[in-house]
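In: Based on what follows, work out the 3D shape:
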Amino acid sequence: MITLSQSLVQDVAGDPVADVCLGHDTRFQVHGDKLTELLDDPEMAESTPVDALQTNTSFITRTTIWKFFRTCEPGLHPDVEVTRALHRHVPEYLGHLTYGDYTTAIVSSRLTNAVSMWDLRPDLGPHLRRLGAVIKDVHEDLAEAFPTGVGTRETLYKQFTDRLELFCERTPVVRKFQDVALAAYEDLPRSFPVQRIHADLHLAQILYADGQYYLIDFEGEPTVPLAQRRLPDSPMRDLAGMVRSFDYAQVAEFSDFLDGYGALSPDDHKLLDAYVMDKLMYEVDYDYNHRKEWLHVPLGTAEKLL
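Out: Residues are numbered from 1 along each chain as shown. The predicted model follows:
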């Protein structure tokens, strides 16, 4: 039995769940044999809220981490779907909770002495090549575990330009870079492989523990509907997320990271450039509206492109 006191978790009706006692609260259904066994462990009775800025509510016990999703939709949550399909470079999946058709939480093994790669900035040089190799491994594993397909220039171009139009309407400063962004989108390849990816990859989504790297939070962008988050995409989107994260971390030279990932084709480079531009425009828009203390990073990079 585990009690998560003073939880910020909300059930699907929107009412706060102040004390979630899984041994007695029949609203939640437990999935996963390992998790079911853990609930009978007396040491699981104590939990501590994770003091971090995040889109979910997490609690840790001595050996586990419980992540409750603040926004629930019907269906299996992408974080559960992906994490339980991977068997390397991720914390061990122990189980998850559902409330009717809604996935409410995922439970994973807690990594001892883990530190976010973001917290190791800017001295990331010794890690870059291995980081690239680990992300390549994860992409290969995702391609085996989930369907793959072929993306088209027309579809991706529309996605980029629709987003750019939205950013320009919402945040006038983005308009200054509209022509530069459109030019980057013009050089997309006619077709390219797509597959399941992380979809929101950056340094804070990678943990380092005992010499190993672990990717976490495979839920994609939380503001995007679940069905859309499951759609196959180019692995270059994940690499673009890392490239932009290096900028925030003040890591100017990251060629070792790309070398560790492996050889990129000419089409891969075109895609990577376009995804980096899309991410950059998103960051100018987001930081301007939500975290102006970081706006100087994407704005400074965008200014150099003019």
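
In: show me where the protein has strands.
Out: When secondary structure is read from DSSP state E, the chain shows strands at 3-5, 19-21, 29-31, 48-49, 56-60, 64-69, 93-99, 102-109, 115-116, 149-152, 191-194, 206-209, 212-215.

In: per-residue pLDDT, Tyr157?
Out: Model confidence at Tyr157, given as pLDDT, is 98.

In: Over to the one 3 residues further on?
Out: The per-residue pLDDT reported for Phe160 equals 98.

In: For it, grab the count of nearby residues.
Out: Neighbourhood size, Phe160 [other CB atoms under 10 Å]: 20. Where you see a C-beta, it was placed from the backbone N, CA and C, and this is true even at glycine.

In: so what's it up against?
Out: With CB atoms under 8 Å, 6 or more residues apart in numbering as the criterion, the residues that contact Phe160 are Ala181, Tyr185, Ala274, Met277, Asp278.

In: residues touching the first one, list them.
Out: Same thing as Ala181. Residues touching Ala181, when contacts are defined by CB under 8 Å, 6+ apart, comprise Phe160, Leu164, Met277, Asp278, Leu280, Met281.

In: re the thing from before, which one of the contacts of Phe160 has the most neighbours?
Out: Neighbours here mean other CB under 10 Å. Within those, the largest count is held by Ala274, at 25 neighbours.

In: Please verify my assumption that that one contacts Leu182.
Out: No: with the criterion set as CB atoms under 8 Å, Ala274 and Leu182 do not qualify as a contacting pair; they are 10.5 Å apart.

In: Could you measure from Asp238 over to His290?
Out: 22 Å (CB to CB, to the nearest Å).

In: show me the contacts for the closest residue to Ile216 other than its chain neighbours.
Out: Take Ile216 and drop its neighbours on the chain: the residue closest to it by CB to CB, 6 or more residues apart in numbering is Gln205, 5.7 Å away. Taking CB under 8 Å, 6+ apart as the criterion, Gln205 is in contact with His198, Leu215, Ile216, Asp217.

In: Repeat the analysis, applying 10 Å as the threshold.
Out: The contact partners of Gln205, taken as CB atoms under 10 Å, 6 or more residues apart in numbering, are 116-118, 198, 214-218, 238, 241-242, 245.

In: residues contacting Glu283?
Out: Glu283 is in contact with Phe167, Arg244, Asp247, Tyr248, Arg291, Trp294, Leu295, Val297, Pro298, Leu299, Thr301, Ala302, counting by CB under 10 Å, 6+ apart.

In: of the contacts of Gln205, closest to Arg153?
Out: Using CB to CB, Asp238 is the member of the contacts of Gln205 that sits closest to Arg153, with 19.6 Å.
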